[in-house]
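Participant: Turn this into a structure:
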Amino acid sequence: MKKIFTLVGIALISLSVRAQDSTQGLKGAWFATSQFGYQQTKTADQKNTSLSVLPIVGTFVTPSVAVGAGIGIINIKADSNAGTAAKTDLFVIQPLARKYWNVAGSLYFFGQAALPIITGKEKESELKVNQVGLSVSGGFDYFVTKNFSVEFSYDLANFTSTTLEPKNGEKTTVTNFGLAHVANVDPFYNTALAGSNPNLTSPLSFGFKFIF
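Facilitator: Numbering: from 1, shown residues only. Purely as a prediction, here's the structure:
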């Protein structure tokens, strides 16, 4: 029995040392990645599109903790033969922090907390859109080389508060909270943005990361 405990202890120490060695070189390193999304729906002559681009830059403050921020845009548009019903340009800023744990070899699991802030205006009706949120996600990061990795993440919990303020009239605030949710479009601001089915945030993320 003592031999079994001894072997288990040695194995755990070995895995711990391996994890520390494999992440030690990341402290002080910078990384760059980008999230990209595109959605289009078409019914008869009605075409709705949504495009999001969010470049992210960050740095490892310890061998297993990284902080960073994304700055990007979301463009939502509803078109038909009658013309443009809605065109919305939104600005996105998203500070974030990550904690990494080594699973095996070059494969890591990470937990991430992010604070997405989205603001902009629907140009046809001059409707102002503002959203603040808190997103907690988990994911896997596989380091193909020391300077390149592939990552996948999924929202575990998400809270958003969206304010819609028309040019004339009262503003409306829509509050959403979800656990392990699938992105959905609230009927109220879907109607406000001419039925363009906008997903301001997405629960799934897949991308490539460069470390330098």
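Participant: wait, residue 131 sits on residue 120?
Facilitator: No - here residue 131 lies out of contact with residue 120, judged by C-beta atoms under 8 Å, at a distance of 9.5 Å. For the C-beta atoms, the positions are set from N, CA and C on the backbone; glycine is no exception.
Participant: in the protein, which strand has the most residues?
Facilitator: When every strand of the chain is counted residue by residue (DSSP state E), the longest turns out to be strand 83-104.
Participant: what element comes up after it heading to the C-terminus?
Facilitator: Past strand 83-104, further along toward the C-terminus, the next helix or strand under DSSP states H and E is strand 107-114.
Participant: what's that following strand packed up against?
Facilitator: Taking 3 or more C-beta pairs under 8 Å, 6 or more residues apart in numbering; DSSP states H and E as contact, the helices and strands that strand 107-114 lies on are strand 83-104, strand 127-145, strand 148-165.
Participant: Helix or strand next in line after that strand, which one?
Facilitator: Proceeding N to C from strand 107-114, the next assigned helix or strand is strand 117-122, under DSSP H and E.
Participant: low pLDDT regions in the chain?
Facilitator: Using pLDDT under 70 as the threshold, the predicted model of the chain has low-confidence ranges 1-25, 180-189, 195-199, 201-202.
Participant: who does the longest strand of the chain pair up with?
Facilitator: Partner strands and pairing direction for strand 83-104 (DSSP bridges) are strand 65-80 (antiparallel), strand 107-114 (antiparallel), strand 117-122 (antiparallel).
Participant: export these to CSV and tack on distance to residue 169 and mean neighbour count?
Facilitator: Shown next, in CSV, are the strands paired with strand 83-104 (distance: least, C-beta to C-beta, whole Å; neighbours: other C-beta atoms under 10 Å):
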stretch, distance to residue 169, mean neighbour count
strand 65-80, 20, 18
strand 107-114, 32, 17
strand 117-122, 14, 19
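Participant: quick one, which of those strands is nearest to residue 162?
Facilitator: Ranking the strands paired with strand 83-104 by distance to residue 162, with C-beta to C-beta as the measure, places strand 117-122 first at 8.2 Å.
Participant: mind exporting the closest one as CSV, just the C-alpha atoms?
Facilitator: In CSV, the C-alpha atoms belonging to strand 117-122 read as follows (Å, rounded to 0.1, in the frame of the first residue of the first chain):
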residue,chain,number,x,y,z
ILE,A,117,-19.1,46.8,-23.8
ILE,A,118,-21.0,47.5,-27.0
THR,A,119,-22.2,50.9,-28.2
GLY,A,120,-23.4,52.5,-31.4
LYS,A,121,-26.4,53.7,-33.4
GLU,A,122,-28.9,52.4,-35.9
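Participant: got the angle between that strand and strand 127-145?
Facilitator: Using axes from the mean of the first three to the mean of the last three C-alpha atoms, to 10 degrees, the direction of strand 117-122 lies 130 degrees away from that of strand 127-145.
Participant: what's the closest of the strands paired with strand 83-104 to residue 96?
Facilitator: strand 107-114 (4.0 Å).
Participant: Identify all contacting residues around that closest one.
Facilitator: Residues lying outside strand 107-114 but in contact with it, judged by C-beta atoms under 8 Å, 6 or more residues apart in numbering, are 23, 94-103, 134-143, 151, 153.
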